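Peer 1: Need the 3D shape of this:
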Amino acid sequence: MRTVGDSFTVQNNLAPELYMNLDLRVSGTLSEPRFGGDVRPTDGRFHILGLHGDFELVPNVNTSPS
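Peer 2: Below you'll find the model as predicted:
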């Protein structure tokens with residue numbers, strides 16, 4: 001599974017609005033699935049349990065070429 005164009009959006013209590021690019025591989029069997037690949041957050045807001053406030057990801061900062 002790979003996102004193309006716009007990124008995948010996560011919205012929950014830890015990530016009120018978090019965008020990410022996915023490049024996932026699923027293999028194995030139903031009883032023993034195997035997952036691999038990359039999940040790269042691109043921008044948005046998220047919480048860290050135990051810390052107050054939101055943290056914000058800024059697009060195109062601290063990224064390395066793949």
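Peer 1: For I48, list the residues it contacts.
Peer 2: Residues counted as contacts of I48 (CB atoms under 8 Å, 6 or more residues apart in numbering) are F55. In this view, the C-beta of every residue, glycine as well, is placed from N, C-alpha and C.
Peer 1: give me the element it is part of.
Peer 2: Using DSSP states H and E, I48 is not contained in any helix or strand.
Peer 1: and V26, what element?
Peer 2: strand 17-28.
Peer 1: Can you name the element that comes right after that strand?
Peer 2: Next along from strand 17-28, by DSSP H and E: strand 33-46.
Peer 1: What pairs with that next one, parallel or antiparallel?
Peer 2: Using DSSP bridges, the strands paired with strand 33-46 are strand 17-28 (antiparallel), strand 55-57 (antiparallel).
Peer 1: buried stuff in that strand?
Peer 2: Neighbour-count burial for strand 33-46, counted by 16 or more other CB atoms under 10 Å, picks out 42, 44, 46.
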